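S.K.: Below are the sequence and a predicted model for it; my questions follow.
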Amino acid sequence: MEIRLDEISVVYGREDVPLKALNKVSFTIKTGEAVALLGPIGSGKSTLLQVMAGLRKPTSGRMIVHGQEGPIVLSIQEPQRGFFAATVREEVAFGPENLDLEPAKIEARVTWALTAVGLDRDKWETSPLQLSGGEQRRVALASALAMKPRFLLLDEPTIGLDGPGEAALRQTLQRIRTETKIGLVVASHDPDFLFMLTDRVLVLVGGELRADTTWSAWAQKAAAVAPDLELPFLLGLLRRLAEAGAPVNAAPDSPADAWNELFRLRQEREKGGTG
Ligand SMILES: Nc1ncnc2c1ncn2[C@@H]1O[C@H](COP(=O)(O)OP(=O)(O)OP(=O)(O)O)[C@@H](O)[C@H]1O
Ligand SMILES: [Mg+2]
């Protein structure tokens, strides 16, 4: 299954004061891909995710979805605002119930999704409104997962999570990626979270797609394209080492490669005996 965007534009506001939130954005994404959506505040990330989820009609351009193996589901910036059910279990069951599945299948999906996000079983019968912020985020993610999406679009999923909560979310998403052939698109202001989870980078600046690339290539041109955007810590560190003359590859494609570069640099220094 793949989603193709062809010159998508979205204009907000009145005709006399139009605001171009997206300007002729084109790209294709396939299931199995994990894509980071980067961009400064107000650059159009949320708007783009809404278009991809079919929640916002573009002003011009078109979106073509090839294949029908499952829905495209968006989990929004503050998903807990939409909670309405009396219990966590009912909240997560709501989506599958609307798909007209048999009760046993709904039950299986709810159990799978709540287990996947690691929410303690003793919380499943309580009101979602009585949970902590991190637990509410897990319920929201479980609601999305219970739809068995082919594409899962996440808007700022780490907001309101602490360090361990963020690590748990990352591990959950990584596991779901290996267990299912899901496609992930994640908009976030947290470059480290994205670097660990994704292998393709889309960059929006002022509603325009300014880069569609790998992390290594993005590290090379970030300063020119979007100087205000922070690089993932490891990529920034390697760049500074390279600029200081250290013999490192300043543009690895994954955190594992980045760590390998740092280890290699240390080993070479030890071998050289210059300390
Ligand atoms: N419903 C709306 N009506 C009018 N203008 C809007 C609406 N939603 C967004 N905008 C404007 O469109 C532009 C893009 O907004 P969008 O929310 O897509 O950006 P974003 O990249 O998600 O920002 P952030 O990083 O703050 O989440 C902004 O200038 C915003 O003010
Ligand atoms: Mg946004």
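M.R.: Yep, that arrived. Ligands and ions are numbered 1, 2, ... in the order given.
S.K.: which residues does the spatially most central residue of the chain contact?
M.R.: What sits nearest the mean C-alpha location of the chain, by Cα atoms, centre = their mean, is Val186, with 1.4 Å. Shown in contact with Val186 (Cβ atoms under 8 Å, 6 or more residues apart in numbering): 34-37, 153-154, 157, 193-194, 197-198. (Glycine included, C-beta is placed from N, CA and C.)
S.K.: And Glu208, by the same measure?
M.R.: 23-25.
S.K.: now with 10 Å?
M.R.: Counting by Cβ atoms under 10 Å, 6 or more residues apart in numbering, Glu208 makes contact with 20, 22-25, 39, 43-44.
S.K.: can you redo the contacts of Val186 as a markdown table with pLDDT and neighbour count?
M.R.: Shown next, in a markdown table, are those (pLDDT from 0 to 100; neighbours: other Cβ atoms under 10 Å):
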| residue | pLDDT | neighbour count |
| --- | --- | --- |
| Ala34 | 97 | 19 |
| Val35 | 98 | 22 |
| Ala36 | 98 | 24 |
| Leu37 | 98 | 26 |
| Leu153 | 97 | 27 |
| Leu154 | 96 | 25 |
| Pro157 | 90 | 27 |
| Phe193 | 95 | 21 |
| Leu194 | 97 | 22 |
| Leu197 | 95 | 22 |
| Thr198 | 96 | 24 |
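S.K.: Who's the closest spatial neighbour of the residue of the stretch 1-150 of the chain with the smallest separation from ligand 2, skipping the chain neighbours?
M.R.: In the stretch 1-150 of the chain, the residue that lies nearest ligand 2 is Ser46 (3.2 Å; Cβ to the ion). Spatial nearest neighbour of Ser46, chain neighbours left out: Asp155 (5.4 Å); criterion: Cβ to Cβ, 6 or more residues apart in numbering.
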